[in-house]
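**Q** generate coordinates for the sequence data below:
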Amino acid sequence: MRGSHPGSFEVAHALAWGGATFSRPGEQTDGVYDLVVLGGGLSGLSAAHLYRQRVGPDARILILDNHDDFGGHAKRNEFDVDGKQLICYGGSQSIDTPGHYSKVAAQLLKDVGIDTQRFYDYFDRSYFKERNLRNGIYFSKEIYGADSVKTNVTRVPDDTDVGKIVDSYPLSDESRAAFIRLLQSDTDYLKGKSRDEKISLMKAMSYMDFLKDNAGVPEEVTLVLRDTIKGFWGFGWDALSALEGYRLGMPGTYHLGLGDLESEDPDRDEPYIFHFPDGNAGVARSLVRKLIPDAVPGRTMEDLVLSRVDYSLLDRESNNTRIRLNCTGVDARHVDGDRFVDVTYVREGRTYRVRGKHAILACYNNIVPHICPEISAAQTKAIAAVTKIPLVYISGAVRNWKAFEKLGYQSFYIPQGILMHSFGMDFPVSMGGYDFTQNSSEATVIHGTYCPTVPSQGLTEREQHVAGRRHLYELSFADLERDIVRQMSGALESGGFDAGRDIAAITVNRWPHGYAYEYNELFDPPEWSRYNGPHQAGSAQMGRISIANSDASAYAYVNGAIDAADRAVSEQIDVG
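**A** Below is the predicted model:
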């Protein structure tokens, strides 16, 4: 079990759930730091880098993190299968649309040695096409009466015979006919309404309700489509607007005549290829290399992939920047006439206190009111307006992928899955001496995603996240492993897959506090966006304490984490 692993969350839960108190030690640990950063994820590491860059290399910085590794959600997974090293990601996945990054975020990547243009050479965009591997859909025995795999009709080229595909689905005759009509129809299901009326209506109804109430689609069909968006938003179309369905080109919305819609997000005019083999752990490792060069040997973004981190050097006393792992912050407050900030943390059951001229809380923002006694009631309320999205990333090391080759699929979407809503082969990236599999007899990594929700029960997005997080905490590794094996077997056995023989290892990256919350027009006020919302009041500066993390940007992407760090560092430099 990785992600928020055992040992990383118990102290925080005792504080937030149990009301535990921790005494502030009289003895101070270490000398006075220029900056103490709570949270060693991408935002915290970026804050340390930006502060050091602007103040000077002699700045003394301490980064505290509750996990046993740096990077936060940017988690690296490794396997050794029959002598072959496999590397994959267990959290933050890719650098998305870097051409639209802010100047600071784009420059940070360059400064730590990441040239995103090189991924055009390292990511094999023709890999699956050359091997005739399609996107599949797995209909499970538990829901559809028998296990079967078919072509995923929502992931095919425009000129595909969708009728032939849907006719093979294990649905009723009525549902198959309705599904085909939906895919092929040129009907405006809101005919007679003005453009503004359509937009207003579609913001206020879920895409699922639009299909049912306006397009007349049977429930059996809507349930096939419901979870297709989970990997992007962390929940299904029952809690997303019909207008978002239009933005993403979902069936039934093609001919509504809305034209282009204004969006706060950039056009996705860059391919989704900016990916290290270990995901954004590569970004974290590049930041740590910049902060503590001896700890991460090498000089290039390529040699980051196979470089072995020397963890014994992260907290070396002689470092100007130190990273101290397995430390959970429990208190941050101004002292000595507001000239300093003391941060108290717990490590291996013992409480310590460090002092800094400045502090940046780059941790999950929901914990801030529990560790910062100076926070106002209004700021606490603003932070509580949102919640993180629970998420599980599954890395399965398999001894071969012959079943994928035989069946002709690279991945599977799973409607109404008992656990995962999708799984498939990893991104085909080869760089720095690490080569993606070229032969189906070779070991590789299968990536799966599980977003715990309570769909189609009338719950809001937030309510689903709270319930899903609670359910996730109740699941043991054995529970998760059982369902992962069942789903992989159900989809792949007809291709010769044998779980006992072919699965070498499974790593479950459990993130009960996963994606940062992004505003949802179906439930949130229309004026809320990442540029205007309660996250701004929630991340307000408190003297020598500033707040970072992607939560503070209401944007669950690398640049959201970096931009929050930039703001926090600027605030503290202005303090002097």
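
**Q** how distant is stretch 217-232 from the center of its chain?
**A** 21 Å (Cα atoms, centre = their mean, to the nearest Å).

**Q** correction: stretch 205-224
**A** Mean-position distance between stretch 205-224 and its chain equals 28 Å (Cα atoms, centre = their mean).

**Q** start and end of it, how far apart?
**A** Terminal residues of stretch 205-224 lie 19 Å apart, using Cα to Cα, to the nearest Å.

**Q** which residues sit against it?
**A** 137, 169, 171-172, 174-175, 178-179, 182, 187, 189-190, 202, 225-226, 236-242, 244-245, 250, 252-253, 415-416, 456, 522 (Cβ atoms under 8 Å, 6 or more residues apart in numbering). No exception for glycine: its C-beta is placed from N, CA and C like everyone else's.

**Q** likewise for stretch 448-465?
**A** 208, 223, 226-227, 230-231, 234-236, 238-239, 386-394, 396, 417, 419-424, 467-469, 471-472, 480, 484, 487-488, 520, 522-523.

**Q** circling back to that earlier point, which among the contacts of stretch 205-224 end up buried?
**A** 137, 169, 171, 175, 178-179, 182, 187, 189-190, 202, 225-226, 236-242, 244-245, 250, 252-253, 415-416, 456, 522 (16 or more other Cβ atoms under 10 Å).

**Q** low-confidence ranges, the protein, go.
**A** Scanning the chain for pLDDT under 70 picks out the ranges 263-268.

**Q** let's see 80
**A** The chain contains residues with pLDDT under 80 at 262-268.

**Q** tell me what the longest helix that it contains is packed against?
**A** Using DSSP state H, we find that the single longest helix of the chain is helix 558-575. Judged by 3 or more Cβ pairs under 8 Å, 6 or more residues apart in numbering; DSSP states H and E, helix 558-575 is in contact with helix 42-55, helix 103-111, strand 350-361, strand 545-547.

**Q** the contacts of stretch 205-224 in strands, which ones?
**A** Cross-referencing those against strands under DSSP state E gives I137.

**Q** looking at the contacts of stretch 205-224, which are in helices?
**A** Per DSSP H, the contacts of stretch 205-224 map to helices at 174-175, 178-179, 182, 202, 225, 242, 244-245.

**Q** looking at those, which is nearest V445?
**A** Closest approach between the ones in helices among the contacts of stretch 205-224 and V445, by Cβ to Cβ: L225, at 28.1 Å.

**Q** for the ones in helices among the contacts of stretch 205-224, give me JSON lines that also has distance to T444.
**A** As requested, the ones in helices among the contacts of stretch 205-224 are exported to JSON lines (distance: Cβ to Cβ, whole Å):
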{"residue": "E174", "distance to T444": "41"}
{"residue": "S175", "distance to T444": "36"}
{"residue": "A178", "distance to T444": "38"}
{"residue": "F179", "distance to T444": "33"}
{"residue": "L182", "distance to T444": "36"}
{"residue": "M202", "distance to T444": "41"}
{"residue": "L225", "distance to T444": "29"}
{"residue": "A242", "distance to T444": "39"}
{"residue": "E244", "distance to T444": "34"}
{"residue": "G245", "distance to T444": "34"}
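
**Q** can you list the domains in the chain?
**A** 2-72+279-384+526-575, 126-170+389-515, 175-226+236-263 (automatic domain parsing).

**Q** need the winner for burial among those domains.
**A** Highest mean neighbour count of the domains of the chain: domain 2-72+279-384+526-575, a mean of 20 (counted as mean count of other Cβ atoms under 10 Å).

**Q** first-to-last residue distance for that domain?
**A** Domain 2-72+279-384+526-575 end-to-end distance (Cα to Cα) = 38 Å.

**Q** can you tell me the SS state at I394?
**A** strand (DSSP: H, G, I helix; E, B strand; the rest coil).

**Q** how near is it to V330?
**A** Separation of I394 from V330 (Cβ to Cβ, to the nearest Å): 31 Å.

**Q** setting aside sequence neighbours, what's the nearest residue to E302?
**A** Leaving out its chain neighbours, the residue that sits closest to E302 by Cβ to Cβ, 6 or more residues apart in numbering is G432, at 3.6 Å.

**Q** how about Q541?
**A** That would be E571: by Cβ to Cβ, 6+ apart, it lies 4.6 Å from Q541.

**Q** what is the helix or strand containing S489 packed up against?
**A** Element membership for S489, per DSSP states H and E: helix 477-492. Helix 477-492 is packed against strand 134-139, strand 389-398, helix 402-407, strand 422-425, strand 444-450, helix 499-502, strand 503-515, with contacts defined by 3+ Cβ pairs under 8 Å, 6+ apart.

**Q** given the first one, what are its sheet partners and their directions?
**A** Okay, so that is strand 134-139. In the sheet, strand 134-139 lines up against strand 148-151 (antiparallel), strand 409-413 (parallel) (DSSP bridges).

**Q** next: the second one.
**A** In its sheet, strand 389-398 lies beside strand 444-450 (antiparallel), strand 503-515 (antiparallel), with partners assigned from DSSP bridges.

**Q** just the CA coordinates for that strand, please, in CSV.
**A** The C-alpha atoms that make up strand 389-398 are tabulated as CSV, following Å, rounded to 0.1, in the frame of the first residue of the first chain:
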residue,chain,number,x,y,z
ILE,A,389,-11.3,14.2,-4.3
PRO,A,390,-10.5,10.6,-3.3
LEU,A,391,-8.5,8.6,-5.8
VAL,A,392,-6.7,5.3,-6.1
TYR,A,393,-4.0,4.6,-8.7
ILE,A,394,-3.2,0.9,-9.2
SER,A,395,0.1,-0.3,-10.6
GLY,A,396,0.1,-4.0,-11.6
ALA,A,397,3.4,-5.6,-12.7
VAL,A,398,2.7,-8.4,-15.2
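
**Q** so that it lines up with my notes, have the first residue be 38 from now on.
**A** From this message on, residue numbering opens at 38, which makes the last subject strand 426-435.

**Q** next, the angle from that strand to helix 514-529.
**A** Interaxial angle, strand 426-435 versus helix 514-529 (axes from the mean of the first three to the mean of the last three Cα atoms, to 10 degrees): 60 degrees.

**Q** what do you get for the last one?
**A** Relative orientation of strand 540-552 versus helix 514-529 (the same axes, to 10 degrees): 110 degrees.

**Q** how far does the helix or strand following strand 540-552 sit from its chain's centre?
**A** Using DSSP H and E, the helix or strand that follows strand 540-552 towards the C-terminus is helix 571-575. Its chain's C-alpha centre and that of helix 571-575 lie 21 Å apart, by Cα atoms, centre = their mean.

**Q** do stretch 391-400 as well
**A** Distance, centroid of stretch 391-400 to centroid of chain: 25 Å (Cα atoms, centre = their mean).

**Q** just stretch 127-142 next, same as before
**A** That offset, for stretch 127-142, works out to 12 Å (Cα atoms, centre = their mean).

**Q** stretch 58-69 too?
**A** The answer for stretch 58-69 is 34 Å, by Cα atoms, centre = their mean.
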